[in-house]
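Peer 1: turn this into a model:
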Amino acid sequence: MRRIALLASLAALAAPAAAPLAATAAPLDGAVSRELSRGGGVNGAYVLNMTTGSVLASVRADTARIPASVEKLYTTSTALLRYGADGTLDTRVLGSGALEDDGTWRGDLYLRGSGDPTFGSARYTQYAFGGGATVTDLAAAVAEAGITRVSGRVYGDESFFDSKRGGPASSYGFDVWIGSPLTGLLYNRGLAKEDGSALQKQPALFAAQQLTTALRQSGVRVARAASSGIAPTGAEQLASIPSLPMSTLARLTLVPSDNLLAEMLLKGVGASFGTAGSTAAGATVARSTLSRFGISPRLADGSGLSRANATSPRQVVQLLDGMRDQAGFRSGMPVAGRSGTLMKRVRGTIAQDNCQAKTGTLSNVSALGGYCRSSNGHQIAFAFMFNSVSTYAAKAAEDRLMQLLARQRPTGTAATRTKREARAGAVRSTR
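Peer 2: Model (predicted):
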């Protein structure tokens, strides 16, 4: 017996110590891990109770993965923070010449875009966006400036952006998944026909032609045919029309997961706050803007079409937590079971109406990042990311995970978060 006891003691000493998982694991690690495993592929998750500041789940939370359209959260948050929720993208008419006493503009007009993705005809903007800046209103503004005749022509100026028509996923050429050419002067989403049966070949020229027609219909005679060109230095502004507010543009981007709007917004922040109206310049502005949340995702484009994008679940949640009170952000996301890319998901479950999230889908990639309200009213931010996966299985797992979060009844109050942040601040101050 003594020999057996001795052997047992030696075996116990030789055995490796068990990892202290129970002491450090977040409360939902096990349940979240099981659902991630059911989803398959390589995956990770991070879940934060924003009400108390406590981590509910952290499973491979710091491994960067392809986010697909969850990338749009980074694009829209950058646009909202830079322009403001009420900010607009103004389309302007500039003049090179002079206004004579009889109402003749002796010279040319330039229709200069600033990246408004919703500018167009009254009928199309109402149909596609529920409203927006129209060429009819812009022509009326020119007439109100006292102009009754233009001796020259209208030029379309798309120089606010560079000349690349697509993003990195298409080597900057036209991208069918964006659906229209990227241009600083977009009219009717780049459609040559409002029914979508044809695309514009020369967007700037097309827009100038539409303004020429609208001016003539407003009683302003234009002597020469429209063309395209860059407004000369010193051209004066004669009329301007604002886009829909940035909060609305963010919603129009996030709810249907609109790749065109996302890429336009990214180029726009590059032109307005960076060095150029390019995808690369916009990504640089976005990285700088997002650094306030302590995150540094790899950003290649605005839509998430590029597989060069990479971020971690923790970074997504840090953004969500930091943007929780930003006007136009959470309210602009799809509602589970109700709208956009979540309209047909989790219907009739506890997650319906209690979760809002941005979906992400590419071949073998699925991701979901957003907010859920728990059954006792706590606000939860989450990110689930799957790569090298069957998107069908991954999305089924995401749906179960949303329901899991909506069913929770976490303990603690907002005061808990205040105390936790105060302790963290005290620790940092002693370092």
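Peer 1: which pLDDT value goes with residue 411?
Peer 2: pLDDT, residue 411: 89.
Peer 1: go on, the one 10 residues further on?
Peer 2: With respect to pLDDT, residue 421 has a value of 68.
Peer 1: so residue 204 sits in a helix?
Peer 2: Yes. Judged by DSSP: H, G, I helix; E, B strand; the rest coil, residue 204 forms part of a helix.
Peer 1: surely it touches residue 187?
Peer 2: No. Between residue 204 and residue 187 there is no contact under CB atoms under 8 Å: 9.1 Å. The way it works is simple: take the backbone N, C-alpha and C, and place the C-beta from them, glycine included.
Peer 1: how far off centre is the helix or strand encompassing residue 106?
Peer 2: In this assignment (DSSP states H and E), residue 106 forms part of strand 104-112. Here the centre of strand 104-112 is set off from its chain's centre by 35 Å, with CA atoms, centre = their mean, to the nearest Å.
Peer 1: swap in stretch 378-388?
Peer 2: Worked out by CA atoms, centre = their mean, stretch 378-388 lies 17 Å from the chain centre.
Peer 1: repeat for stretch 144-160
Peer 2: 33 Å.
Peer 1: what's the helix or strand for the residue nearest to the spatial centre of the chain?
Peer 2: The centroid of the chain falls nearest to residue 72 when counting by CA atoms, centre = their mean (2.9 Å). According to DSSP H and E, residue 72 maps onto helix 71-83.
Peer 1: name the residues that touch that helix?
Peer 2: 89, 246-247, 249-250, 253-254, 257, 262, 265-266, 268-269, 272-273, 285-286, 289-290, 297, 299, 301-304, 309, 311, 316, 319-320, 323, 326-329, 332, 358, 360, 369 (CB atoms under 8 Å, 6 or more residues apart in numbering).
Peer 1: list the contacts of residue 232.
Peer 2: Residues in contact with residue 232 (CB under 8 Å, 6+ apart) are residue 96.
Peer 1: after the helix holding residue 72, which helix or strand is next?
Peer 2: Going down the chain from helix 71-83, the next helix or strand is strand 91-99, by DSSP H and E.
Peer 1: for that next one, name the packing helices and strands.
Peer 2: On a contact count with 3 or more CB pairs under 8 Å, 6 or more residues apart in numbering; DSSP states H and E, strand 91-99 meets strand 104-112, helix 135-144, strand 236-241.
Peer 1: one more pass at 10 Å, please.
Peer 2: Other elements packing on strand 91-99 under the criterion 3 or more CB pairs under 10 Å, 6 or more residues apart in numbering; DSSP states H and E are strand 104-112, helix 135-144, strand 154-157, helix 203-217, strand 236-241.
Peer 1: with distance to residue 37, mean pLDDT and mean neighbour count added, can I get those in TSV?
Peer 2: As requested, these are exported to TSV (distance: least, CB to CB, whole Å; pLDDT from 0 to 100; neighbours: other CB atoms under 10 Å):
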stretch	distance to residue 37	mean pLDDT	mean neighbour count
strand 104-112	54	98	23
helix 135-144	54	98	20
strand 154-157	54	98	26
helix 203-217	48	98	22
strand 236-241	53	98	17
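Peer 1: the helix or strand containing residue 48 pairs with which strands?
Peer 2: Per DSSP H and E, residue 48 falls inside strand 42-49. Partners of strand 42-49 in the sheet, by DSSP bridges, are strand 54-59 (antiparallel), strand 379-387 (antiparallel).
Peer 1: show me where the stretch 251-400 of the chain has helices.
Peer 2: 259-273, 279-290, 313-322, 391-407 (DSSP state H, counting those that start in this stretch).
Peer 1: so which elements touch the third one?
Peer 2: Read it as helix 313-322. strand 42-49, strand 54-59, helix 71-83, helix 279-290, strand 355-362, strand 365-373, strand 379-387.
Peer 1: now do that helix against strand 365-373, angle only.
Peer 2: When axes from the mean of the first three to the mean of the last three CA atoms, to 10 degrees is applied, the directions of helix 313-322 and strand 365-373 differ by 40 degrees.
Peer 1: what is the orientation angle of helix 313-322 with helix 279-290?
Peer 2: Here helix 313-322 runs at an angle of 70 degrees relative to helix 279-290 (the same axes, to 10 degrees).
Peer 1: wait, isn't residue 173 in contact with residue 163?
Peer 2: No. In this structure, residue 173 is not within contact of residue 163 by CB atoms under 10 Å, at 11.2 Å.
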